[in-house]
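Asker: let me see the structure of the following:
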Amino acid sequence: AWMLMIGLIVFGWISFTRMGISQLPDVDFPIVNIRVTLEGAAPEVMETEVTDVIEDALMGIEGVREVTSSSRQGSSSINIEFELNRDIDVAMQDVQTKISQAQRNLPPEMDPVVITKTNPEDQPIMFVSLTGGASTKDRMEYTKDHLKDRFTTLPGVGDVFLAGFIEPALRVWLNKDKMRQRELTVDDIIDAIQQQHAEVPAGRIESAKQELNVRVMGEASTVTEFSKITIPGRQGAPIWKTIRVGDVAEVEDGLDEIRRISRSNGEGAVGLGIRKRRGANAVAVAQEVRKQVEALNANLPKGYALNIVFDTTKFIEQSTHELNTHLTMAAILTGIVCWLFLGSWSSTLNILLAIPVSIVGAFSVLYFLGFTLNTFTLLGLTLAIGIVVDDAIMVLENIVRFREKGLSKVKAALVGARQITSAAVAATIAILAIFIPVIFMPGIVGKFLYQFGVTLSVAVALSLVEALTIAPMRCSQFLEVGHSSRIGQALEHFTTSLSTLYGRLLGTVLNHRWLTVTLALIIFVLSLGLGRTVKKEFVPTQDQSRLVVRMQTPVGSSLAFTDSVFKLAEEKVTSNPAVARYFSAVGGFGGGGEP
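Answerer: Residues are numbered from 1 along each chain as shown. Have a look, this model is predicted:
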């Protein structure tokens, strides 16, 4: 029995240390998001040529509840909400199939469609910003070439997206006067670049004894080489004089079109949003990221600075710590109550040992079910502490009764446990009848309460096994009966008086049965009415010491004008002494969703 108890605790503790930590359970919402990009297309074009075509194709999918879309310059976002009983993974496959079928009706120059599920776990847990650098281009290249992979390879990190990042690009600035002198058009230069700035398969050379692969070095690797690209034709006709790109244009190694501007504490920045892998320990991932930031800051080039803009795991860590504290306090208070009413340390120890067996042992089941340590699982375990000791108290009290009759410890344990078995089973089933239906609760709320219901049910079921097997074995080895201390004797006198008073009140109630039933019904009906007036929300309001503000300038505003408005807002923000740091993204985050 001791080995069984220690085994449950040890393997439960191992499972506890390996479980992930998160704020909420990993729940896939019945929503699929489709993001489409067509560079340079007006919102009206995106609406008619892309969004409407995809929406028409999606309407035939089974279980679609609602389809909403938003079209803007060069991009479109479509959200599909499915019925709650629809398997979201199967729904995603149906969406991919329908979009593939509609591909022939979409613009051929459109970028590949991005399809994702909606899950709170996919939100970034941390945001790191890089500031400084000699130029914006240097900052972009350093972020992509050196920083991103350093964070992506950390254990538990699922993805790193770049906010405010602009891709490096060669820019060709055409000189219209030089082009007019040579009678060239823009299409002539574009055709020359497409034909000559590319590597194409060149095949192989075979001989009797060997085989050689042939490679055409077609891509220019530097600005100088790019400027030497020859323009071979003019409006389809050959040019017999050598004209190069550098003769009619200026080639610049710069950045793609700037449509987003990011700043951190007033400095130009690139943000790195850290997403954790599904089921990973968010707190452990954040610790690795912090270590990496410290290590990188020590070796960054002069002028660069890497800072953590916000960290959601601090709140998760504090919440988990508080729940663990409450879990420990609940165990201590339960032990004090048991000692006061049972009257001896041996009885109290017998009851307290039921808590780690049931609570810690439950972690093994939760680990193999893929659960995480989150608000719902820890809340379930905290509530379970007061429940898991019920069966052990019931069995121990019956064993104590036989010990007081003069039976030996072993005989009292055998007879007492056997006699109370049916009552303990009935009490446990009654409790399970309350929490097991929570597991099958429908809707989004049901998906979140699923882990709560399973956690409580597993802990209560283990408490029954512990009470009917391990608890009697402990009682057969050490169990002292009777209230020997003054506190115990005083409490025994109090409970005796309370029992006498209860008997009198019970007799009075039974003599007025109809009045008692009527009052009970009135109170029940009034409570239903009060229940309707209580405010309802999905989760309680929480202060996590951060604020997200979304600003929108009038339609048609330029990026420069929007940036100037943002700077005014940043001045207001920084004037508040309570603000520790901020990160602003003009034009959206890019790659990580809009703010």
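Asker: quick check: the residue of the chain most remote from its centre vs T222, distance?
Answerer: For the chain, the largest distance from the centre (CA atoms, centre = their mean) belongs to W240, which lies 63.2 Å off. Going from W240 to T222 by CB to CB, to the nearest Å gives 28 Å. Quick note: C-beta positions are derived from backbone N, CA and C, even for glycine.
Asker: which residues does P107 contact?
Answerer: Residues in contact with P107, defined by CB atoms under 8 Å, 6 or more residues apart in numbering, are L38, A41, E49, V50.
Asker: what do you get for D111?
Answerer: By CB under 8 Å, 6+ apart, the contact set of D111 is V36, T37, L38, E39.
Asker: do the same with I125
Answerer: I274, R275, K276, A282, V285, A286, D311, T312, T313.
Asker: farthest pair in those residues?
Answerer: Within the contacts of I125, two members stand farthest from each other by CB to CB: R275 and D311, at 13.5 Å.
Asker: correct me if wrong, but G254 is in a helix.
Answerer: No: assessed with DSSP: H, G, I helix; E, B strand; the rest coil, G254 is strand; it does not lie in a helix.
Asker: which of the helices or strands spans the closest residue to it other than its chain neighbours?
Answerer: Using CB to CB, 6 or more residues apart in numbering and skipping the chain neighbours, the partner closest in space to G254 is R171 (4.8 Å). Using DSSP states H and E, R171 maps to strand 168-174.
Asker: can I assume I205 sits in a strand?
Answerer: Yes: looking at I205 with three-state DSSP, it is inside a strand.
Asker: just list whatever residues bridge to it.
Answerer: Legend: beta-bridge partners of I205 under DSSP bridges are L212.
Asker: contact partners for it?
Answerer: Here I205 is in contact with E211, L212, V214 (CB under 8 Å, 6+ apart).
Asker: pLDDT value on it, please?
Answerer: At I205, the pLDDT value in this model is 87.
Asker: please apply the same query to R290.
Answerer: 90.
Asker: now swap in F151 and tell me
Answerer: Listed pLDDT for F151 reads 89.
Asker: now C338
Answerer: With respect to pLDDT, C338 has a value of 75.
Asker: what is whatever helix or strand it lives in packed up against?
Answerer: Element membership of C338 [criterion: DSSP H and E] is helix 313-342. Packing contacts for helix 313-342, counted by 3 or more CB pairs under 8 Å, 6 or more residues apart in numbering; DSSP states H and E, involve helix 282-297, helix 345-352, helix 354-368, helix 375-404, helix 486-511.
Asker: just give me the lowest mean pLDDT stretch among the ones you listed.
Answerer: Looking at these, the bottom one is helix 345-352 with a mean of 78.
Asker: please save the CA atoms from it in PDB.
Answerer: The C-alpha coordinates for helix 345-352 follow below in PDB (Å, rounded to 0.1, in the frame of the first residue of the first chain):
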ATOM      1  CA  TRP A 345      -2.600  13.800  14.800                       C
ATOM      2  CA  SER A 346      -2.700  10.200  13.600                       C
ATOM      3  CA  SER A 347      -6.200  10.700  12.200                       C
ATOM      4  CA  THR A 348      -5.300  14.000  10.700                       C
ATOM      5  CA  LEU A 349      -2.200  12.500   9.000                       C
ATOM      6  CA  ASN A 350      -4.300   9.700   7.600                       C
ATOM      7  CA  ILE A 351      -6.700  12.200   6.000                       C
ATOM      8  CA  LEU A 352      -4.000  14.600   4.800                       C
END
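Asker: what packs against that helix?
Answerer: Partner elements for helix 345-352 (3+ CB pairs under 8 Å, 6+ apart): helix 313-342, helix 375-404, helix 471-475.
Asker: still on that earlier bit, and the strand holding R171, which residues are buried?
Answerer: Buried residues in strand 168-174, counting neighbours by 16 or more other CB atoms under 10 Å, are found at V172.
Asker: could you dump the contacts of P107 into JSON lines and include neighbour count?
Answerer: Listed next are the contacts of P107 as JSON lines, based on neighbours: other CB atoms under 10 Å:
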{"residue": "L38", "neighbour count": "19"}
{"residue": "A41", "neighbour count": "22"}
{"residue": "E49", "neighbour count": "18"}
{"residue": "V50", "neighbour count": "24"}
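Asker: ok, the residues you listed vs E397, which is closest?
Answerer: Distance to E397, by CB to CB, is smallest for V50 among the contacts of P107, at 71.7 Å.
Asker: A471 versus that closest one, what's the distance?
Answerer: When distance is defined by CB to CB, V50 is 67 Å away from A471.
Asker: with L506 instead?
Answerer: 31 Å.
Asker: more neighbours: which of those two?
Answerer: Comparing L506 with A471 by other CB atoms under 10 Å, the one with more neighbours is A471, at 29 against 10.
Asker: tell me the contacts of that one?
Answerer: N350, L353, A354, A392, V395, L396, A417.
Asker: try it again at 10 Å.
Answerer: Contacts for A471 (CB atoms under 10 Å, 6 or more residues apart in numbering) come out as 1, 5, 350-351, 353-354, 357, 391-396, 399, 413, 417, 424, 463, 465.
Asker: just the buried residues out of those residues, in ChimeraX syntax.
Answerer: The ChimeraX selection below is limited to those of the contacts of A471 classed as buried (16+ other CB under 10 Å):
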select :5,350,351,353,354,357,391,392,393,394,395,396,399,413,417,424,463,465
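Asker: find the nearest non-adjacent residue to A392, please.
Answerer: Nearest residue to A392, sequence neighbours excluded (CB to CB, 6+ apart): A354, at 4.0 Å.
Asker: tell me if I'm right that the one you found and L8 touch.
Answerer: No: in terms of CB atoms under 10 Å, A354 does not count as a neighbour of L8; the distance is 11.0 Å.
Asker: what do these two both touch?
Answerer: Contacts common to A354 and L8, judged by CB under 10 Å, 6+ apart, are L462, E466, I470.
Asker: quick one, which of these are buried?
Answerer: Here, 16+ other CB under 10 Å leaves L462, E466, I470 buried among the shared contacts of A354 and L8.
Asker: can you pull out the helices in the stretch 151-300 of the chain?
Answerer: For the stretch 151-300 of the chain, the helices defined by DSSP state H, counting those that start in this stretch occupy 176-181, 186-196, 223-227, 245-248, 282-297.
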